[in-house]
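*Asks:* got a structure for you, letters missing:
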Ligand SMILES: Cc1cc2nc3c(=O)[nH]c(=O)nc-3n(C[C@H](O)[C@H](O)[C@H](O)COP(=O)(O)O)c2cc1C
């Protein structure tokens, strides 16, 4: 899986916070994603974490002081400022926020920020009192006003043992934000995309539901792929164990009827709807108010009624519609029939019986079925790559 981080040059500034240990994981994950990560440690950061850790994880020299230029970089801050696609400071102390707001340049990190013009992303970490102080808040506002992107801080347990706002956002959240910032001028910039995901739940009684095996992985991967290409993404998710993707608007729903309402309202003014959710075709006609008790009978009959076809019912002036069709047999014939019945621009047919494909897996082998040309069978791919392949095919329809 290649994300927008692949091949990017990122300066990772680490400052003197107790959360500095998390920056090692961040440096590792960014490097694994194919980014060239140049770590800059402030003097205080070196009290918490060491050069060897970051040099080992990134396979690159680490900058520590303005007058300790390492031989490969020359004048570190100027070289770093020139080549970086993005500067990330994580964790960021109250002190660095104050220095950046004032334009102080007494170390490599502040000098790099001042010398460069690339996006600056900051993940603060500090005691809640420090974060809430008028001085820090004013500095955050000043930096925001200059276009700096802030990630967090989150509320929760702080290193001091107190609970409050000041925890650094966890590494996956920071990486999702970076991808959104790097992709903001992508080929879907300015487009509004609605994606549905997960398996709906139809109540039988207050305890039981009728559902399916969808994990939500396909829809979540599409949402992330569209976000990384600059789209404004709304993800409408039936219950899923997956974490909320950063920089995506998430609406959670339960039943097919709830999903229909959420999809319809999100589609107003949108450019693209991708229905990757597994929506229950039927729902219990009369869900019980109370838990259904076991009786002496051997069988229990639950009457089902058909749910509306969500994608067929959504209309919009310029809305391009894509539906997934999970099938176990006659894949293409069934997809062709759905193409007509649902009035969609493209069907993504999915043989859920194929190995490493379908529900719960990280990979998928799909066939794109078009109204006006031969189906296109794709190889087994990571679900994120399937999402990008789908968006590549949808893009010409948007124009
Ligand atoms: C154990 C310890 C933990 C600290 N944690 C934080 C922190 O999480 N956030 C913060 O803003 N300052 C924290 N500080 C204070 C900073 O290290 C101090 O303000 C320092 O001057 C920051 O320098 P820098 O911004 O150049 O890295 C901590 C200090 C100590 C001794």
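*Replies:* Sure thing, it's come through. Owing to the predicted nature of the structure, the values given are computational and were not obtained by experimental measurement.

*Asks:* mind listing what's buried along stretch 339-350?
*Replies:* 339, 342, 343, 344, 345, 346, 347, 348, 349, 350 (16 or more other Cβ atoms under 10 Å). Quick note: C-beta positions are derived from backbone N, CA and C, even for glycine.

*Asks:* between the residues you listed, which is nearest residue 305?
*Replies:* residue 342 (19.6 Å; Cβ to Cβ).

*Asks:* quick check: the closest one vs residue 145, distance?
*Replies:* Remark: distance between residue 342 and residue 145 (Cβ to Cβ, to the nearest Å) = 47 Å.

*Asks:* can you check residue 263 too?
*Replies:* 36 Å.

*Asks:* rewinding a little: ok, which pair from the buried residues of stretch 339-350 is furthest apart?
*Replies:* Longest span within those, Cβ to Cβ: 343 and 350, 19.6 Å.

*Asks:* tell me the helix or strand right after the strand or helix carrying residue 250.
*Replies:* For residue 250, the host element (DSSP states H and E) is strand 249-252. Next helix or strand after strand 249-252 toward the C-terminus (DSSP H and E): helix 256-267.

*Asks:* could you say what helices and strands whichever helix or strand comes after that following helix packs with?
*Replies:* Following helix 256-267 in sequence order, the next helix or strand is strand 272-275 (DSSP H and E). Strand 272-275 makes packing contacts with strand 192-197, helix 217-228, helix 256-267, helix 310-313, strand 320-327, helix 383-398 when contacts are defined by 3 or more Cβ pairs under 8 Å, 6 or more residues apart in numbering; DSSP states H and E.

*Asks:* looking at these, which is nearest to the ligand?
*Replies:* Of all those, it is helix 217-228 that lies closest to the ligand, at 29.2 Å by Cβ to the nearest ligand atom.

*Asks:* relative to the whole chain's centre, how far out is whichever helix or strand comes after that closest one?
*Replies:* Downstream of helix 217-228, the next assigned helix or strand under DSSP H and E is strand 232-237. From the chain centre to the centre of strand 232-237 is a distance of 10 Å (Cα atoms, centre = their mean, to the nearest Å).

*Asks:* touching strand 232-237 from outside, list them.
*Replies:* For strand 232-237, contacts defined as Cβ atoms under 8 Å, 6 or more residues apart in numbering pick out 190-198, 216, 219-220, 223, 226-227, 245, 247-253, 259, 262-263, 266, 270, 277.

*Asks:* picking that back up, export the buried residues of stretch 339-350 to JSON lines and append columns for secondary structure, distance to the ligand and pLDDT.
*Replies:* Below are the buried residues of stretch 339-350 laid out as JSON lines (DSSP: H, G, I helix; E, B strand; the rest coil; distance: Cβ to the nearest ligand atom, whole Å; pLDDT from 0 to 100):
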{"residue": "339", "secondary structure": "helix", "distance to the ligand": "55", "pLDDT": "89"}
{"residue": "342", "secondary structure": "helix", "distance to the ligand": "52", "pLDDT": "88"}
{"residue": "343", "secondary structure": "coil", "distance to the ligand": "55", "pLDDT": "90"}
{"residue": "344", "secondary structure": "coil", "distance to the ligand": "50", "pLDDT": "95"}
{"residue": "345", "secondary structure": "coil", "distance to the ligand": "50", "pLDDT": "95"}
{"residue": "346", "secondary structure": "strand", "distance to the ligand": "49", "pLDDT": "96"}
{"residue": "347", "secondary structure": "strand", "distance to the ligand": "51", "pLDDT": "96"}
{"residue": "348", "secondary structure": "strand", "distance to the ligand": "46", "pLDDT": "96"}
{"residue": "349", "secondary structure": "strand", "distance to the ligand": "51", "pLDDT": "93"}
{"residue": "350", "secondary structure": "strand", "distance to the ligand": "46", "pLDDT": "85"}
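
*Asks:* got CSV for these, with distance to residue 53 too?
*Replies:* Compiled in CSV, those are given as follows (distance: Cβ to Cβ, whole Å):
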residue, distance to residue 53
339, 54
342, 53
343, 56
344, 51
345, 50
346, 47
347, 49
348, 43
349, 47
350, 43
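
*Asks:* how about the residue of the stretch 201-350 of the chain found nearest the ligand, what does it touch?
*Replies:* Distances between the stretch 201-350 of the chain and the ligand by Cβ to the nearest ligand atom are smallest at residue 246, namely 21.7 Å. Shown in contact with residue 246 (Cβ under 8 Å, 6+ apart): 151, 172, 173, 176, 177, 180.

*Asks:* leaving out sequence neighbours, find the closest residue to the residue positioned nearest the centre of the chain.
*Replies:* Among the residues of the chain, the one closest to the centroid is residue 245, at 3.2 Å (Cα atoms, centre = their mean). Using Cβ to Cβ, 6 or more residues apart in numbering and skipping the chain neighbours, the partner closest in space to residue 245 is residue 224 (5.1 Å).

*Asks:* equivalent analysis for residue 378, please.
*Replies:* residue 366 (5.3 Å).

*Asks:* hmm, the one you found is touching residue 347, no?
*Replies:* No: judged on Cβ atoms under 8 Å, residue 366 makes no contact with residue 347 at a distance of 9.6 Å.

*Asks:* relative to residue 393, how far out is residue 374?
*Replies:* 13 Å.

*Asks:* sorry, slip of the keys, the one I care about is residue 291.
*Replies:* For residue 291, the distance to residue 393 - Cβ to Cβ - is 47 Å.

*Asks:* of these two, which one has the most company?
*Replies:* Neighbours were tallied for residue 291 and for residue 393 using other Cβ atoms under 10 Å; the higher tally belongs to residue 393 (16 against 10).

*Asks:* residues near the nearest residue to residue 393 once chain neighbours are set aside, how many?
*Replies:* Of all residues beyond its chain neighbours, the one nearest residue 393 is residue 368 (6.0 Å), with distances taken as Cβ to Cβ, 6+ apart. When neighbours are counted by other Cβ under 10 Å, residue 368 registers 21.
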